[in-house]
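Undergrad: Build me a model:
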Amino acid sequence: MNPEKIAEAQPGLSDNDFRAEVRTWLERHVPRTPRPADPAGARAWDTDWQRTQFEGGYAGIAWPAEYGGRGLPLSHQLVWYEEYARAGGPDVGCCFVGNNHGGPTLIARGSEAQKRDHLARILDGSEVWCQGFSEPGAGSDLAGVSTYGVVDGDHLVISGQKIWTSYAHMADVQELLIRTDRDAPRHKGLTWVIGDMRAPGVTVRPIKTMDGHEHLCEVFYDEVRVPLTDVVGTVNDGWSVAMSTLGFERGTAFMQLQTELARRVDALIDLAATTPAAHGRGVALDDEAVAGTLAELHADVCALRAMTYAMVSRSARAKIPGPEGSMIKVYYSELNQRIGRATMSLVAVDGLEPATSPAVGDLVHSYLYSYFSTIGGGTSEVQRDIIGERVLGLPRHR
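TA: Below is the predicted model of the structure:
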């Protein structure tokens, strides 16, 4: 470890003491150089920053110390995200999946060998993960996956297709959900495996989205061999493991995303304070309608923060986040889109030329990307079904 590495878990370290420690470190280390646009450059930039966090003692803050983490309470992880947003920390990019649900799934459900082989490499940036769940015919209906694996000796042989796989073209490893028993009930014949993205038979095709980026991909599997030792849990018990993954994806992973929304609302308020009003007198923030919209968004961000604190408190007592994470996911994704629409209303025609202003360009890009948020990780409709059935105890929707 770098000499700057902070001492391992300190039993008496309060949230406020940790906040002061984190704030000082971030002020010195947050990168200010732009992230390259090309995949190879972007991966190198993301993983270099991940390595810097690891060497400083700020990767895997709440992960067990024996796997490279720091073993601190989950509340300290939330403090990190809040200070990270305050310091203008960059998007984690291709390191998101490994840090936020691939690694946590292994901690909760993986074998000791799997934890030893992957967790420290995720934290130090030497191993990038992507998620292989959605398929052309199975997105929100995850139990409908048809990518198939057949046991052949001590391997699974996998064929099929995945889609909307973020950073597949940069990844080393994939959390991959496949069907291994076509005769079993839909939720019973699935298996969660650690897939090697460089194995023979894997083909990746990037997809260009309306925000101009190519972070999403299609992935094709042509008789790809995966050792049975890379099955997490057991063969045909993948639905249970996938629910653990989605618990992290819709729960604790949103700690970081909700703090980013707060930063965007603050940036939008600052922009409104300097943007000329539409009627030509004063600035946009002087307009009661604009000020009212921004005040409502600010209040909604505070409400999301309160929901996140409650979720963190529950998660501290449970090994895996519960279905309440779907509440966070719905609220976040729909608020994200409302912030985007308010942004476009404010920047108006300037939004058509985002390159003329980096600040406006960032906000406009966030607006375009926000359309993904009510779909990725499970649509809002699916999340509402989960909330109704598993949180409120309502009858199952038919």
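
Undergrad: burial of Met210, as a residue count?
TA: 9 (other CB atoms under 10 Å). In this view, the C-beta of every residue, glycine as well, is placed from N, C-alpha and C.

Undergrad: Surely it is in contact with Leu368?
TA: Yes. If you go by CB atoms under 8 Å, Met210 and Leu368 touch, sitting 5.7 Å apart.

Undergrad: low-confidence ranges in this protein?
TA: 1-12, 211-212, 249-254, 315-322, 348-363, 377, 397-398 (pLDDT under 70).

Undergrad: mind listing the strands for it?
TA: For the chain, the strands defined by DSSP state E cover 129-132, 148-152, 155-162, 173-179, 190-196, 202-207, 216-227, 231-232.

Undergrad: Distance to Ala40 and mean neighbour count added to those strands, as TSV?
TA: Shown next, in TSV, are the strands of the chain (distance: least, CB to CB, whole Å; neighbours: other CB atoms under 10 Å):
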stretch	distance to Ala40	mean neighbour count
strand 129-132	16	28
strand 148-152	30	16
strand 155-162	22	20
strand 173-179	18	26
strand 190-196	19	25
strand 202-207	13	16
strand 216-227	15	19
strand 231-232	29	24
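
Undergrad: among these, which is nearest Phe372?
TA: Comparing the strands of the chain by their distance to Phe372 (CB to CB), the top pick is strand 216-227, with 8.4 Å.

Undergrad: Note down every partner strand of that closest one and its orientation.
TA: Partners of strand 216-227 in the sheet, by DSSP bridges, are strand 155-162 (antiparallel), strand 202-207 (antiparallel).

Undergrad: Run the chain-centre distance for the last one.
TA: So the one you mean is strand 202-207. Mean-position distance between strand 202-207 and its chain equals 20 Å (CA atoms, centre = their mean, to the nearest Å).

Undergrad: before we move on, what about the longest one?
TA: Using CA atoms, centre = their mean, we find the averaged C-alpha position of strand 155-162 to lie 25 Å away from the chain's own average C-alpha position.

Undergrad: Can you dump the C-alpha atoms of stretch 210-226 in PDB for me?
TA: As requested, the backbone C-alpha atoms of stretch 210-226 are provided in PDB (Å, rounded to 0.1, in the frame of the first residue of the first chain):
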ATOM      1  CA  MET A 210     -28.500   9.100 -28.200                       C
ATOM      2  CA  ASP A 211     -26.100  10.800 -25.800                       C
ATOM      3  CA  GLY A 212     -23.300  10.000 -28.300                       C
ATOM      4  CA  HIS A 213     -21.600   7.400 -26.100                       C
ATOM      5  CA  GLU A 214     -20.900   3.700 -26.700                       C
ATOM      6  CA  HIS A 215     -20.900   2.300 -23.100                       C
ATOM      7  CA  LEU A 216     -23.700  -0.200 -23.800                       C
ATOM      8  CA  CYS A 217     -23.000  -3.400 -25.700                       C
ATOM      9  CA  GLU A 218     -24.400  -6.600 -27.100                       C
ATOM     10  CA  VAL A 219     -22.600  -9.700 -26.100                       C
ATOM     11  CA  PHE A 220     -22.700 -13.000 -28.000                       C
ATOM     12  CA  TYR A 221     -21.700 -16.400 -26.700                       C
ATOM     13  CA  ASP A 222     -20.800 -19.300 -29.000                       C
ATOM     14  CA  GLU A 223     -20.100 -22.400 -27.000                       C
ATOM     15  CA  VAL A 224     -18.200 -20.500 -24.300                       C
ATOM     16  CA  ARG A 225     -16.600 -22.800 -21.700                       C
ATOM     17  CA  VAL A 226     -16.900 -21.600 -18.100                       C
END
